[in-house]
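Colleague: Here's my sequence, what's the structure:
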Amino acid sequence: MRRQRGFTLLELMVTISAIGAASLAFVTSANGIHQENAVSKAYCSDVSGLRQAVRLLRHDLRNAASIEELDWTREGDRLLRGRREIARNMAEFEVKADGPWATVRIAFGNRREAPAGNGRAFEFRVRMRNAGRAR
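Modeller: Numbering: from 1, shown residues only. Have a look, this model is predicted:
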């Protein structure tokens with residue numbers, strides 16, 4: 001009697017199925033990590049833009065006589081200083097005057113996903129040094 005060498009068709013199919021399942025699990029987890037990384041980069045970009053906006057806005061407010069002379073606007077989700085874009089993905093931007101003080105409220109993120117009070121919005125006050133002085 002002759003001895004057969006090699007694998008049966010069933011053994012090959014089981015092995016290939018196991019390799020396919022392991023590959024699918026690896027690709028799925030790698031895709032999830034990639035998406036989390038993209039979200040993290042977008043969040044860091046938002047925070048960086050927000051930091052720059054706060055720094056520039058404080059400077060402008062300290063040297064302003066009133067909030068009316070500020071040239072800051074929000075168009076869509078972009079925060080503009082004059083015509084220059086300072087930050088993106090802004091959900092809210094508001095400046096109110098209270099005597100020599102200005103209160104600023106800024107929030108970033110989509111309005112549907114970042115409602116006020118979830119840590120993505122904040123307020124700060126700045127004393128306007130030139131408040132009440134004519135320019």
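
Colleague: can you map out the helices along this structure?
Modeller: For the chain, applying DSSP state H gives helices covering 9-62.

Colleague: Low-confidence stretches in it?
Modeller: For the chain, the stretches with pLDDT under 70 are 1-2, 39, 42-43, 110-119, 131-135.

Colleague: Can you tell me the closest non-neighbouring residue to Gly82?
Modeller: Asp71 (4.7 Å; C-beta to C-beta, 6 or more residues apart in numbering). Bear in mind the C-beta positions are built from the backbone N, C-alpha and C, glycine included.

Colleague: what about that neighbour, neighbour count?
Modeller: 10 (other C-beta atoms under 10 Å).

Colleague: do Val14 as well
Modeller: Around Val14 there are 12 residues (other C-beta under 10 Å).

Colleague: and the gap between it and Phe7?
Modeller: Computed as C-beta to C-beta, to the nearest Å, the Val14 to Phe7 distance reads 10 Å.

Colleague: need the contact list for the nearest residue to Asp60 once chain neighbours are set aside.
Modeller: Of all residues not flanking Asp60 in the chain, Leu70 sits nearest, at 5.8 Å (C-beta to C-beta, 6+ apart). Under the criterion of C-beta atoms under 8 Å, 6 or more residues apart in numbering, the contact list for Leu70 reads 60-61, 64, 95.

Colleague: Compare these and tell me which is most surrounded.
Modeller: Leu61 (25 neighbours).

Colleague: What residues are bridge-paired with the closest residue to that one other than its chain neighbours?
Modeller: Counting by C-beta to C-beta, 6+ apart, Leu61 lies nearest to Val126, which is 4.3 Å off, once chain neighbours are set aside. On the basis of DSSP bridges, Val126 is bridged to Ala102.
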